[in-house]
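K.L.:
quick one, what's the 3D model for this:
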Amino acid sequence: MRKMGIGVAALAAGSLLLAGCSSSTSPTAPAESEEPIDASGVTLTIWTDANREPAIEAAAATFEEETGATVELVQKNFEDIRNDFINQVPTGEGPDITVGAHDFLGAFVAAGVVDTVDLGESAEQLEQVAVDAFSYDGQVYGFPYALESIALVQNTDLVGEDVPATWDDMVAQAEEGGAERALVINTAGQTGDAYTMYGFQTSFGAPVFVQDESGSYTTEVGMGGEAGTAFATWLGEKGEEGTGDVSTTIDYDTNNELFAAGEAAFTIQGPWAVEALTAQGANIKVSPIPSAGGETAAPFVGVQGFYVSSQSENALIAQEFLVNYLATDEAQKALYEADPRLPAWKTLAEDPAIAEDPIVAGFLASAANGVPQPSIPEMGAVWDLWNAAQVQVIKGADPEETWTKMVADIEAAIG
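P.N.:
So this is what the prediction gives:
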């Protein structure tokens with residue numbers, strides 16, 4: 001599973017903590033002007049990890065005071081939540097609400113353990129990519145609140161502040177700055193890293209799966225045909241038998257070390273890597289990924305949020321807690337301070353303490369161009385084939401033949 005969220009150390013490097021920040025409005029009561037519901041005698045059980053527990057406690061205290069409900073928080077290891085939720089909900093032992101990542105959704109829907117959520121007016125305050133990430137077959141299945149995305153990171157000591165719009169602009173800018181390498185990009189060595197490369201792939205119009213009008217992913221593979229072949233051809237040209245800009249000798253740590261040491265002018269990384277990238281004093285700027293194929297580069301966006309159990313006897317009360325007590329400026333600020341991640345809540349994202357921080361603003365701008373990482377079960381059949389094909393192309397295999405076979409193998413694997 002892809003590493004989620006912004007590390008606290010990385011945030012400190014970017015001066016991102018929100019101490020003392022304030023929003024334009026801070027509703028602490030239900031978002032709508034209705035009387036709180038009467039939930040006397042109801043116990044709402046919520047699974048959370050340790051980081052987010054204090055923030056949820058604060059919203060829960062207000063909820064208890066205004067509705068008469070009791071909120072029981074159960075601390076879980078985040079890595080255990082997906083499997084435990086799937087296994088325990090059918091037995092009646094699961095929670096009413098759990099925190100989780102959006103890529104849990106496909107497995108949750110397939111197992112029948114998650115309920116739809118009516119976001120109501122709170123939907124207007126959420127970034128659309130976050131809502132799309134928690135959507136499946138046109139239905140919203142949770143309350144999203146935070147984003148993660150990769151972006152272009154440049155060493156401003158080498159190439160200045162100008163942001164390249166295209167791959168060619170980036171290379172030219174690096175050459176003018178005298179950089180030893182224009183770009184370093186993680187391929188996970190011989191394993192391949194289609195996640196990191198995805199922004200460049202989408203700039204050729206070759207999405208992994210096609211999205212429908214609601215934003216939900218279909219099972220139609222979208223990276224075949226002329227667009228996919230064009231990307232594969234480009235990747236081969238940039239690979240080890242071409243310009244050498246992309247190499248299977250680069251893993252995550254090597255990527256970060258080469259950039260930090262000033263050997264590369266640009267890299268593609270997430271906010272979790274900021275501390276490593278600046279460890280040797282490099283000054284950086286973060287911006288959207290430049291286009292290689294002429295269209296907007298759309299990286300994957302990961303989303304964190306909350307799910308409601310399909311077996312909850314208190315589903316309406318659980319939804320009330322999410323959309324009227326967690327969906328407030330105050331609660332969203334508390335979640336950010338407890339476990340800092342790129343906010344999906346627009347008012348919080350516009351807060352000067354966040355919006356004026358150039359590192360956060362850069363990652364948010366990249367996320368705004370992005371698309372949700374697919375959460376459909378079929379995605380599980382894609383990664384290994386996709387990563388392997390990219391490695392083969394980078395190492396010099398015939399791009400069209402390799403890519404066409406990969407697409408056929410994926411289509412066969414998902415039936």
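
K.L.:
what residues sit buried inside stretch 179-188?
P.N.:
Buried residues in stretch 179-188, counted by 16 or more other C-beta atoms under 10 Å: 179, 181, 182, 183, 184, 185, 186, 187, 188. All C-beta spots, glycine's among them, are computed from the backbone N, C-alpha and C.

K.L.:
dump it to CSV, restricted to CA.
P.N.:
Extracted C-alpha coordinates of stretch 179-188, given in CSV (Å, rounded to 0.1, in the frame of the first residue of the first chain):
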residue,chain,number,x,y,z
ALA,A,179,23.0,20.5,-13.3
GLU,A,180,24.7,17.1,-13.5
ARG,A,181,21.3,15.4,-14.0
ALA,A,182,18.1,17.1,-15.2
LEU,A,183,15.8,14.7,-13.2
VAL,A,184,16.0,11.8,-10.9
ILE,A,185,12.9,9.7,-10.6
ASN,A,186,12.3,6.6,-8.5
THR,A,187,11.6,3.3,-10.4
ALA,A,188,12.0,1.2,-7.2
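
K.L.:
show me the contact partners of it.
P.N.:
Residues outside stretch 179-188 that contact it (C-beta atoms under 8 Å, 6 or more residues apart in numbering): 155, 158-159, 170-171, 174-175, 193, 196-197, 245-248, 250-252, 254-255, 258-259, 263-269, 387, 390-391, 394.

K.L.:
averaged pLDDT, whichever strand or helix holds residue 109. What do you get?
P.N.:
Per DSSP states H and E, residue 109 falls inside helix 105-111. For helix 105-111, mean pLDDT is 94.

K.L.:
go on, stretch 299-309?
P.N.:
96.

K.L.:
CA atoms of it as PDB?
P.N.:
The C-alpha coordinates for stretch 299-309 follow below in PDB (Å, rounded to 0.1, in the frame of the first residue of the first chain):
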ATOM      1  CA  PRO A 299      -0.900  12.100 -10.700                       C
ATOM      2  CA  PHE A 300      -2.600   9.700  -8.400                       C
ATOM      3  CA  VAL A 301      -4.200  11.300  -5.400                       C
ATOM      4  CA  GLY A 302      -4.700   9.300  -2.200                       C
ATOM      5  CA  VAL A 303      -7.500  10.300   0.200                       C
ATOM      6  CA  GLN A 304      -8.100   9.700   3.800                       C
ATOM      7  CA  GLY A 305     -11.600   9.700   5.400                       C
ATOM      8  CA  PHE A 306     -14.200   7.900   7.400                       C
ATOM      9  CA  TYR A 307     -16.500   5.000   6.600                       C
ATOM     10  CA  VAL A 308     -19.900   3.900   8.000                       C
ATOM     11  CA  SER A 309     -20.500   0.200   8.600                       C
END
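
K.L.:
pull the distance from that stretch to the chain's centre.
P.N.:
8 Å (C-alpha atoms, centre = their mean, to the nearest Å).

K.L.:
sorry, back to before: rebuild the buried residues of stretch 179-188 as TSV, extending it with distance to residue 232, pLDDT and secondary structure.
P.N.:
Below are the buried residues of stretch 179-188 laid out as TSV (distance: C-beta to C-beta, whole Å; pLDDT from 0 to 100; DSSP: H, G, I helix; E, B strand; the rest coil):
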residue	distance to residue 232	pLDDT	secondary structure
179	27	94	coil
181	23	96	strand
182	21	96	strand
183	19	96	strand
184	21	97	strand
185	16	97	coil
186	19	96	coil
187	15	97	coil
188	18	95	coil
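
K.L.:
show me where the stretch 251-400 of the chain has helices.
P.N.:
252-260, 274-277, 315-321, 329-338, 346-349, 352-355, 358-369, 383-394, 399-413 (DSSP state H, counting those that start in this stretch).

K.L.:
out of the ones you listed, flag the one nearest residue 95.
P.N.:
helix 315-321 (9.1 Å; C-beta to C-beta).

K.L.:
need the residue closest to the centroid of this protein.
P.N.:
residue 302 (1.8 Å; C-alpha atoms, centre = their mean).

K.L.:
need the pLDDT of residue 249.
P.N.:
96.

K.L.:
grab the nearest non-local neighbour of it.
P.N.:
Counting by C-beta to C-beta, 6 or more residues apart in numbering, residue 189 is the residue found nearest to residue 249 once chain neighbours are left out, at 6.9 Å.

K.L.:
ok, now which ones touch that neighbour?
P.N.:
248, 249, 250, 251.

K.L.:
can you check residue 211 too?
P.N.:
So residue 211 contacts 132, 217, 218, 371 (C-beta under 8 Å, 6+ apart).

K.L.:
ok, residue 406 next?
P.N.:
Applying C-beta under 8 Å, 6+ apart, the residues contacting residue 406 are 385, 386, 388, 389.

K.L.:
distance of the closest residue to residue 43 other than its chain neighbours from residue 162?
P.N.:
Closest residue to residue 43 apart from its sequence neighbours, by C-beta to C-beta, 6+ apart: residue 70 at 4.6 Å. Using C-beta to C-beta, to the nearest Å, we find residue 70 at a distance of 56 Å from residue 162.
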